[in-house]
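[1] coordinates only, sequence not included:
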Ligand SMILES: CC(C)(COP(=O)(O)OP(=O)(O)OC[C@H]1O[C@@H](n2cnc3c(N)ncnc32)[C@H](O)[C@@H]1OP(=O)(O)O)[C@@H](O)C(=O)NCCC(=O)NCCS
């Protein structure tokens, strides 16, 4: 079992390895993760899951006025279906205490859609042609939190 903590500059090589394995054509560049890891405003949160001293997964998002936007969550292919993404989302929710959360997901990404649905998100819309390489619609998902 690993631990979840804030992303730091030392984590970026491990994060990029997972990012490139998961998102190939549309992987975020190093500079985006450097900005996330150096973020001090308190608006943007980025967390890593560390196991055996290595990054096994990460999540990023921002929370403004109780509205959490999840940007990305990804888990090393060798660690999937062990509850890592569920734990990362749970920790982000615990830290940010949102009233609502939103995200977009590729229509074909059935693993992620199942993950979010299992955590109480529901699908409320579609953004036509939101993604490129390959072109695809986004499904928009939302969750509301009770006090
Ligand atoms: C989607 C992703 C983050 C899930 O990570 P994970 O750590 O394997 O997910 P968890 O083990 O926490 O799964 C929690 C629940 O989500 C659902 N789920 C996760 N992966 C699933 C899959 N491949 N098929 C069906 N349901 C799945 C299940 O309900 C699962 O609970 P269960 O294992 O008890 O049945 C991972 O597959 C990944 O990194 N994919 C590539 C990156 C990506 O697409 N990110 C999302 C961008 S929007």
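    Nice, I can see it. Because the structure is a prediction, the values reported are computed rather than measured.
[2] least trustworthy helix or strand in this structure by mean pLDDT?
    Lowest by mean pLDDT, DSSP states H and E among the helices and strands of the chain is helix 30-37, with a mean of 91.
[3] got the angle between the helix or strand just after that helix and helix 30-37?
    Proceeding N to C from helix 30-37, the next assigned helix or strand is strand 44-51, under DSSP states H and E. Strand 44-51 runs at 100 degrees relative to helix 30-37, counting by axes from the mean of the first three to the mean of the last three C-alpha atoms, to 10 degrees.
[4] same for strand 44-51, what does it pack against?
    Helices and strands touching strand 44-51, by 3 or more C-beta pairs under 8 Å, 6 or more residues apart in numbering; DSSP states H and E, are strand 3-6, helix 30-37, strand 54-64, helix 84-96. All C-beta atoms are positioned from the backbone trio N, CA, C, and that covers glycine.
[5] pLDDT on it, on average?
    Average pLDDT, strand 44-51: 95.
[6] quick one: contacts of it?
    Under the criterion C-beta atoms under 8 Å, 6 or more residues apart in numbering, residues 1-7, 11, 14-15, 33, 36-37, 39, 55-63, 75, 79, 84, 87-88, 91-92, 95-96 lie in contact with strand 44-51.
[7] spell out which residues of this structure are next to the ligand.
    22, 72-75, 80-86, 105, 109, 111-112, 114-115, 118 (C-beta under 6 Å from any ligand atom).
[8] go with 8 Å
    18, 22-23, 57, 70, 72-77, 79-89, 103-106, 109-112, 114-119 (C-beta under 8 Å from any ligand atom).
[9] ok so, going back, what's the most buried one of the helices and strands packed on strand 44-51?
    Ranked by mean neighbour count, the helices and strands packed on strand 44-51 are led by strand 54-64 with a mean of 22 (mean count of other C-beta atoms under 10 Å).
[10] so what strands line up beside that one?
    In the sheet, strand 54-64 lines up against strand 44-51 (antiparallel), strand 67-75 (antiparallel) (DSSP bridges).
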